[in-house]
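In: got a predicted model here, sequence first, then my questions.
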Amino acid sequence: MTSHTASFTVQMAPGAPIDGAADRFSLTKTWTGEAEGISRGTMLTAGDPETGSAGYIASELFEGSLGGRTGTLAFQQLGTMTGGAPALQYVIVPGSGTGDLAGTTGTLEIGEIHDDGRHEVRFTLG
């Protein structure tokens, strides 16, 4: 296994509602560090974050370089919050890699979230 560190900033915009979700957002992330590039995707939310119980799913397509290899990868997230306690799964979609990133698998772990909105991330590649 290898690991890489990176960070991203995210811009989100509300989208048209769809069945099965309370809210829909489009997202664009700008990645820096050992992951350089842009990812674009969609997030669907449900629940009531005001009471500490909610969830979201997101899918995004990354285009750029990871650990010096270039291509595209798809990322998927599943986030929940129960009683204010968060849980997050953030993975590289198997079979989604192209170019030098073909065959890449692994997970992402979000660490510190800075006041300026920058999210620190560790990639663990399998």
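Out: Looks like it came in fine.

In: please count neighbours and contacts with C-alpha atoms only from this point.
Out: OK.

In: so which bits of stretch 17-30 are buried?
Out: The neighbour-count check on stretch 17-30 (16 or more other Cα atoms under 10 Å) flags 23, 24, 25, 26, 27, 28, 29, 30 as buried.

In: the helix or strand containing the last one: what's the following helix or strand?
Out: Counting by DSSP states H and E, the element that carries residue 30 is strand 23-33. With elements assigned by DSSP H and E, the helix or strand that comes after strand 23-33 is strand 35-48.

In: for that next one, buried residues please.
Out: For strand 35-48, by 16+ other Cα under 10 Å, it's 35-47.

In: cool, stretch 49-64 as well?
Out: Under the neighbour-count rule (16+ other Cα under 10 Å), stretch 49-64 has 53, 54, 55, 56, 57, 58, 59, 60, 61, 62, 63, 64 buried.

In: give me the residues contacting it.
Out: With contact meaning Cα atoms under 8 Å, 6 or more residues apart in numbering, stretch 49-64 is reached by 35-48, 70-85.
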